[in-house]
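*Asks:* Give me coordinates for this.
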Amino acid sequence: MKKAFAVVLAVCMLLTLLVGCGGGASSTPAAAPGSTGAGGDSGEVVTLTFMRTGTPEVLHEIFDPMIEAFEKEYPNIRIDMQDLGWSDAEKTLQTMAASKTLPDVMYHLPGTIFDLADKGLVLDLSSYVDDELKNDMYPALMEAGQYDGKQYMITCGGSSVMLWYNADLFTQAGLDPDNPPRTWDEFMAACEALAKLDGIDPIGLYSKPSGGETSFLYESLFTSQHGGSAWDGAANQYVYDQDSGKDDAVKTLQFLQDITQYAQDSYVEYGRFDVRTLLRDGKVAMALDAINMANQVPEQLADGSIRCAVMPCGDSGVNSTAVNVGGWFIPTNSAHPDEAWTFLRYMMRTENQIEHAKYGSVPMLKSEAATYTEGYMLNVVQSMEHSYAEGVCPQTNALWAVNGEQLQLLMMGKQTAADTQANMAAEHADIYK
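*Replies:* The predicted model follows:
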């Protein structure tokens with residue numbers, strides 16, 4: 001009798017564990033794309049685990065109301081939002097991937113997502129993506145989620161490089177703050193004029209080799225010199241490593257080296273965030289930095305003393321930039337991929353994407369961009385018309401590490417632009433293999 005009771009108890013415990021497994025692996029076959037994605041006709045309530053990497057308290061302010069509204073619209077789906085800070089993200093994600101316990105829907109960066117996709121751990125979303133989303137999203141941003149011909153990520157956040165400048169210092173230098181430089185030649189002329197002012201430097205520069213910051217700046221400048229993307233998706237390598245992009249790469253690197261003469265002292269010790277402080281405090285007149293600069297100087301943007309403009313362009317005549325992106329993905333270990341897509345697609349609605357963008361992002365959707373009618377975001381929207389997703393592949397971190405080291409040597413004047421291009425191409429070739 002005791003033995004029989006023990007068997008029954010064990011079975012009950014096993015059933016409890018199976019029912020409680022949210023986003024873990026399951027032998028339940030996935031429903032075909034295009035189904036209701038709301039728990040089917042059985043009335044079963046499905047719980048999805050959801051994770052957006054970042055600062056938890058800020059993200060909950062954005063997503064808690066969104067989740068509440070979603071659960072009212074889809075009563076058969078519940079969302080369990082889990083927190084993950086950036087400092088722990090990569091290690092935690094790899095641990096979850098190894099144990100196949102990734103959440104049903106997650107935000108992360110494409111390099112890691114594509115690496116997981118190579119291991120068969122990310123769902124191909126090609127058959128889920130509808131025409132409405134395809135037509136509304138900027139093409140370059142939709143393509144940013146594609147790897148090896150498959151749609152593994154839906155881009156939902158991104159940062160472009162813009163020209164930020166101090167209008168008061170422009171006026172003091174005899175420059176027109178209503179007409180910021182739009183070409184590299186005009187930018188150099190502005191630097192020369194600003195250099196005559198006492199107590200400030202014309203431009204704030206950052207050249208720490210880590211984090212891909214200078215790589216992002218270089219890639220953004222290259223797009224406007226080359227008149228196209230810095231990344232060849234078919235070959236899975238940078239255009240500036242190829243013969244077709246070599247001359248434009250050298251010209252871009254030379255421009256980057258030339259502007260260092262107008263930068264603050266010890267710029268090799270500065271990261272991008274440090275430069276934001278310099279612009280905020282009036283110690284430099286200009287900076288080429290990401291959209292996140294807006295979070296550092298909100299009062300000055302509001303009163304117009306600091307302004308934002310599109311990136312100055314090179315020989316192509318197109319004011320473009322690279323766009324550093326992140327996005328949603330659905331792991332293959334999700335037991336409820338259709339419901340996961342329903343939630344993901346809900347978050348990509350225009351009104352929800354607008355809320356998400358408050359965390360700091362360029363617009364992903366044309367319908368989202370249309371809602372910005374004033375302020376610095378008008379220039380950000382303008383830049384999106386001629387911008388390209390930053391080159392990303394499973395080897396991205398290694399490629400960026402090479403760029404950071406080589407660009408720092410260039411900006412310190414320890415090697416020429418031609419040598420820098422050749423060194424990058426040679427070291428990247430070993431990584432591409």
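*Asks:* residue contacts, the closest residue to Asn295 other than its chain neighbours?
*Replies:* Using C-beta to C-beta, 6 or more residues apart in numbering and skipping the chain neighbours, the partner closest in space to Asn295 is Gly360 (6.2 Å). Quick note: C-beta positions are derived from backbone N, CA and C, even for glycine. Listed by C-beta atoms under 8 Å, 6 or more residues apart in numbering, the contact set of Gly360 reads 157, 159, 291-292, 294-295.
*Asks:* ditto for Met142
*Replies:* 134, 151, 155.
*Asks:* residues contacting the first one?
*Replies:* For Lys134, the set of contacting residues under the criterion of C-beta under 8 Å, 6+ apart consists of Met142.
*Asks:* what helix or strand does it sit in?
*Replies:* helix 131-136 (DSSP states H and E).
*Asks:* pLDDT on that helix, on average?
*Replies:* Average pLDDT, helix 131-136: 97.
*Asks:* Show me which residues of that helix are buried.
*Replies:* 133, 136 (16 or more other C-beta atoms under 10 Å).
*Asks:* and that helix, C-alpha only, in PDB?
*Replies:* In PDB, the C-alpha atoms belonging to helix 131-136 read as follows (Å, rounded to 0.1, in the frame of the first residue of the first chain):
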ATOM      1  CA  ASP A 131       3.200  42.000 -45.400                       C
ATOM      2  CA  GLU A 132       2.000  44.800 -43.200                       C
ATOM      3  CA  LEU A 133       5.100  44.600 -41.000                       C
ATOM      4  CA  LYS A 134       7.400  44.200 -44.000                       C
ATOM      5  CA  ASN A 135       6.000  47.300 -45.700                       C
ATOM      6  CA  ASP A 136       6.000  49.400 -42.500                       C
END
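*Asks:* For the very next helix or strand once past that helix, which residues meet the burial criterion?
*Replies:* As assigned by DSSP H and E, the chain's next helix or strand after helix 131-136 is helix 139-143. Within helix 139-143, the residues that count as buried by 16+ other C-beta under 10 Å are 140-143.
*Asks:* Repeat that for stretch 290-302.
*Replies:* By neighbour count with 16+ other C-beta under 10 Å, stretch 290-302 contains the buried residues 290-291, 293-294, 296-297, 300-301.
*Asks:* still on that earlier bit, tabulate the buried residues of helix 139-143 in CSV, adding columns for distance to Ser367.
*Replies:* CSV is the format used below for the buried residues of helix 139-143 (distance: C-beta to C-beta, whole Å):
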residue, distance to Ser367
Ala140, 16
Leu141, 13
Met142, 14
Glu143, 19
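*Asks:* and the contacts of Gly360 as CSV, adding secondary structure, distance to Asp248 and pLDDT?
*Replies:* Conversion of those to CSV gives the following (DSSP: H, G, I helix; E, B strand; the rest coil; distance: C-beta to C-beta, whole Å; pLDDT from 0 to 100):
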residue, secondary structure, distance to Asp248, pLDDT
Gly157, strand, 29, 92
Ser159, strand, 23, 88
Ile291, helix, 25, 86
Asn292, helix, 27, 83
Ala294, helix, 30, 89
Asn295, helix, 32, 84
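*Asks:* now stretch 243-261, how far from the centre of its chain.
*Replies:* 24 Å (C-alpha atoms, centre = their mean, to the nearest Å).
*Asks:* What lies in contact with it?
*Replies:* 184, 187-188, 191, 203, 205, 217-218, 221-222, 225-226, 230, 238-241, 267, 314-315, 407, 410-411, 413, 417-418, 420-421, 424-425.
*Asks:* And for stretch 284-293?
*Replies:* 159-166, 169-170, 173, 190-191, 194, 197, 200-204, 216-217, 220, 264, 272, 275-276, 278-279, 308, 311, 324, 360-362, 380.
*Asks:* Tell me which entries of those lie within helices.
*Replies:* Of the contacts of stretch 284-293, the ones assigned to helices by DSSP state H are 169-170, 190-191, 194, 216-217, 220, 272, 275-276, 278-279, 380.
*Asks:* which among the residues you listed gets closest to Ile62?
*Replies:* For those, the residue nearest Ile62 by C-beta to C-beta is Val380; the value is 19.0 Å.
*Asks:* phi, psi of the nearest residue in space to the closest one that is not next to it in sequence?
*Replies:* By the measure of C-beta to C-beta, 6+ apart, the closest residue to Val380 outside its immediate chain neighbours is Val362, 5.5 Å from it. Phi and psi for Val362, reported as degrees, to the nearest 10, are phi -70, psi 160.
*Asks:* Stretch 332-343 spans what distance, first to last residue?
*Replies:* Distance across stretch 332-343, first residue to last, is 16 Å (C-alpha to C-alpha, to the nearest Å).
*Asks:* how close does the spatially most central residue of the chain get to Ala285?
*Replies:* When C-alpha atoms, centre = their mean is applied to the chain, the residue found nearest the centroid is Val325 (2.0 Å). Per C-beta to C-beta, to the nearest Å, Val325 is found 29 Å from Ala285.
*Asks:* circling back to that earlier point, what is the neighbour count of the spatially closest residue to the residue nearest to the centre of the chain that is not a sequence neighbour?
*Replies:* Nearest non-adjacent residue to Val325, counting by C-beta to C-beta, 6+ apart: Gly158, 4.1 Å away. Using other C-beta atoms under 10 Å, Gly158 has 27 neighbouring residues.
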